[in-house]
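*Asks:* Everything below, folded, please.
(2 chains)
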Amino acid sequence: MGERARREQRAEPRGLHLVGEEVYADWEAVYRDNVGRIHKLMYAKVGNRPDAEDLTTEVFLTALKPLRVTATIGEVRSYLLATARTVLADYWRRTLGREVTTLDEELGISTPEPASGDPSAPARAAAILAALPERYRRILELRFLGACSIREAAAELGITIGNAKVLQHRALRQAAAVAEGMLS
Amino acid sequence: MNTPVWRYVEDLLRQRKPRPFKASEEEAAEVRAAILLNSADDDGEPSEDFVEGLRDRLAGELSGEKPGSNRRRFVKIGAAAAAATAVGAGLDHVLTDGLTAAAPKEQNLVPDNGEWRAVVASTDLPDGAVQAFDLGAVTGFLRRSGGQVSAVSAICTHLGCRLRLDAPARQLNCPCHRTSFNVDGSLSTHELPVAPPPLPHILVRENAGRVEVFVPPPA
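*Replies:* Reported below is the predicted structural model:
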């Protein structure tokens, strides 16, 4: 990469558009450019921040030491993604004993203008909700999008807490079935 | 209703670390749906606290440096008198012109409030020998060549990893990025985009049969 590009990369490590054969200035440039993306990917795959933070930490602790700073930006991103896939698979093996979610290779972390997080997640969630019966959709909207407690959701729907729990459980099962159907 | 999968989903909703359980295929699908719904209105942008905290942790891991080290009390003085610049300016010069410019000048590490500390008996450093020393704030390698004693810093000038002595090869190797220096502090080999500067020299003298280095006083 040219002298000019090298200087720009140092001057503005956060907002830089990185392409082709360019390399990172140092480990911190690698970190700054990728930490947000890795965390978003992990959050979309585990659904809670404490675990997303732990897994992001694990990715960087694992990947950064053996990293050659001479590798191109594309190579570094592919390597980080490969590490993230392994870390996520280990996480599911440890916690639920099944690979609940995976990081798809074609997710685009190695492309010059990668999408952040999983761009289709909100659209998929909306499509799943739309496919559910009214009461199932309502309870899931109240709990997941409206941040209601089970008590608040029950009051909103005019049912007992016990019934709200059963309703949520059934709604999630149905949502899971819809989601599986959308994948296949 | 307090099944493991119910608790798992409630933990997700509260942004708590969910408790592990052995999930059936059906339960795994339920968790998957809950994760999708839970991340639908949050793109998962990490908090600034997390980003800065992990950055500091990585910096520590990569340099092997203990927090509170007083290595910073050193000032770097260029070998040429005119080059008594701030560290930042010197570093910028190296980064900007490293590819084309001549090798950067050697520097000396001189504490602004130092004292002479004995590290080894003169007789224990025969001609041709190289020996590591560690005074906490300062680690380095002593060398006697042609009767003269000299000392260089044991900290890689790239990212601050501690160098290891390969005595047979007479080289100081960085465990982090395969950089190596000669025992006189000059750069031997590296695979970095920009050549790191040579190792700074540490002031050294022989006094009353002992080799002494000029270092900061103990904290």
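
*Asks:* Identify the residue of chain B closest to chain A, quick one.
*Replies:* residue B:44 (2.8 Å; C-beta to the nearest C-beta). For glycine as for every other residue, the C-beta is placed from the backbone atoms N, C-alpha and C.

*Asks:* what's the neighbour count on the closest residue to residue B:176 other than its chain neighbours?
*Replies:* Closest residue to residue B:176 apart from its sequence neighbours, by C-beta to C-beta, 6 or more residues apart in numbering or on different chains: residue B:161 at 4.0 Å. For residue B:161, the tally of surrounding residues (other C-beta atoms under 10 Å in any protein chain shown) stands at 20.

*Asks:* so residue B:161 sits right up against residue B:174, yeah?
*Replies:* Yes - proximity of residue B:161 to residue B:174 meets the contact threshold set by C-beta atoms under 8 Å, at 5.2 Å.

*Asks:* buried set for stretch A:40-60?
*Replies:* Using 16 or more other C-beta atoms under 10 Å in any protein chain shown as the test for burial, stretch A:40-60 gives A:40-49, A:51-53, A:55-60.

*Asks:* Contact partners for the closest residue to chain B within chain A?
*Replies:* When scored by C-beta to the nearest C-beta, chain A has residue A:43 as its residue closest to chain B, at 2.8 Å. Residues counted as contacts of residue A:43 (C-beta atoms under 8 Å, 6 or more residues apart in numbering or on different chains) are A:49, A:52, A:117, B:39, B:42, B:43, B:44.

*Asks:* Show me the domain layout of chain A.
*Replies:* Domain assignment for chain A by automatic domain parsing gives A:3-107, A:121-183.

*Asks:* Which pLDDT value does the model give residue 5?
*Replies:* If you meant another chain, say so; for now it's chain A. Note for residue A:5: predicted pLDDT of 44.

*Asks:* Hmm, no, I was thinking of chain B.
*Replies:* 94.

*Asks:* so it touches residue B:30, yeah?
*Replies:* Yes - at 5.6 Å, residue B:5 and residue B:30 qualify as touching, with contact defined as C-beta under 8 Å.

*Asks:* When those two are compared, which one has more neighbours?
*Replies:* Neighbour count, other C-beta under 10 Å: between residue B:5 and residue B:30, residue B:30 has more, with 25 against 21.

*Asks:* can you give me phi and psi for the more buried one?
*Replies:* Residue B:30 adopts backbone torsions of phi -60, psi -40, taken as degrees, to the nearest 10.

*Asks:* tell me the most buried of the domains of chain A?
*Replies:* For the domains of chain A, ranked by mean neighbour count under the definition mean count of other C-beta atoms under 10 Å in any protein chain shown, the leader is domain A:3-107 at a mean of 19.

*Asks:* quick one on the thing from earlier: can you tell me the helix or strand for the closest residue to the residue of chain B closest to chain A other than its chain neighbours?
*Replies:* Spatial nearest neighbour of residue B:44, chain neighbours left out: residue A:43 (2.8 Å); criterion: C-beta to C-beta, 6+ apart. With elements delineated by DSSP states H and E, residue A:43 resides in helix A:27-46, which encompasses its position.
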